[in-house]
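Student: this one's structure only:
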């Protein structure tokens, strides 16, 4: 049920936002060569959230993050610019395109590094979905981005269906990494729920642990995420929850590792009663000289569940390749 909303005077006015800041030592990935993908995804969520809240004039939650393509690494200590803009609205939802750019301190010339689409849902005071002001494209870029957002909906729905159609059990011998911890107060919003960007940082950390353990050699510490997609948020993670983040290797190509990550939560008093809150797929590579990815050890599934998930991943890869990446020149166009 949708909560009727009388939009505040501030709603429906600002459809874009720009954030600028400097990356910190805490944003650096293991190995120290670049900013961690998890940090970039936190920035994406913060800018997207601020844009969505500004348009809706209401509290919002992250529902989906898709096709986060890390086109190039961001050097530690860089100046960061994150631009977010509304490109499509539904009854209670907002599609937001976010572009992350970086610059050396001495240059102040920003170069795009990451672009993606997020979907936010507005919430009323009762916690139910609330109506948002309708947004209409005004410029050429607005219209192109709206078309791109609409075109992605069928592929996104099919990827979600495929990912949710499969069970993850203990009947697997695939390489895995699991993190378990309690949600601390410092990562939650005013509603007591963990930020979507924080959850994405957990996803990146667990995926890195799995990828680095598979590579094993001296290059393992430099493994980096180049893609994260199909990040669906099904349920909130609240302060004090027990969280389990499981990363599992699903597929290897000659130079990449595809990992499935599932985030679940539970009451600490009943730790085995886990609820799936977030699910996604991420791709890691090991950068070599001149930015060329190094070969990675090949993994071949043997058990039925691993074979099934291996084939599922191949199908998702085929679907993903049909989605045309958003050009930063378009997302940054007025």
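Tutor: Ah, there it is. Bear in mind that the values here come from a model prediction, so they are computed numbers and not experimental data.
Student: now the most centrally placed residue in the chain. Nearest residue, chain neighbours left out?
Tutor: For the chain, the residue nearest the mean C-alpha position is residue 65 (4.8 Å; C-alpha atoms, centre = their mean). Closest residue in space to residue 65, ignoring its immediate chain neighbours: residue 231 at 4.0 Å, by C-beta to C-beta, 6 or more residues apart in numbering. Any C-beta I mention is one placed from the backbone N, CA and C, and that applies to glycine too.
Student: pretty sure the one you found belongs to a helix, no?
Tutor: No: Residue 231: not assigned to a helix; according to DSSP: H, G, I helix; E, B strand; the rest coil it is strand.
Student: OK, contacts around it?
Tutor: Applying C-beta atoms under 8 Å, 6 or more residues apart in numbering to residue 231 gives the contacts 64-66, 68, 200, 203, 278-280.
Student: export those to JSON lines and tack on distance to residue 38?
Tutor: Putting the contacts of residue 231 into JSON lines (distance: C-beta to C-beta, whole Å) gives the following:
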{"residue": "64", "distance to residue 38": "18"}
{"residue": "65", "distance to residue 38": "12"}
{"residue": "66", "distance to residue 38": "17"}
{"residue": "68", "distance to residue 38": "11"}
{"residue": "200", "distance to residue 38": "6"}
{"residue": "203", "distance to residue 38": "7"}
{"residue": "278", "distance to residue 38": "13"}
{"residue": "279", "distance to residue 38": "16"}
{"residue": "280", "distance to residue 38": "12"}
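Student: lowest-confidence member of the residues you listed, which is it?
Tutor: Taking the contacts of residue 231 together, the minimum pLDDT is found at residue 66 (84).
Student: from what I can see it touches residue 160, true?
Tutor: No: counting by C-beta atoms under 8 Å, residue 160 is not a contact partner of residue 66; they are 9.8 Å apart.
Student: okay, those two: which has more neighbours?
Tutor: Each of residue 66 and residue 160 has its neighbours counted (other C-beta atoms under 10 Å); residue 66 has more, 23 against 16.
Student: and the pLDDT for residue 10?
Tutor: We have a pLDDT of 65 for residue 10.
Student: whoops, I mixed them up, residue 161
Tutor: On the pLDDT scale, residue 161 is placed at 89.
Student: elements contacting whichever strand or helix holds it?
Tutor: For residue 161, the host element (DSSP states H and E) is helix 140-164. Counting by 3 or more C-beta pairs under 8 Å, 6 or more residues apart in numbering; DSSP states H and E, the packing neighbours recorded for helix 140-164 are strand 60-70, strand 79-89, strand 93-103, strand 111-122, strand 224-233, strand 275-285, helix 304-320, helix 328-331.
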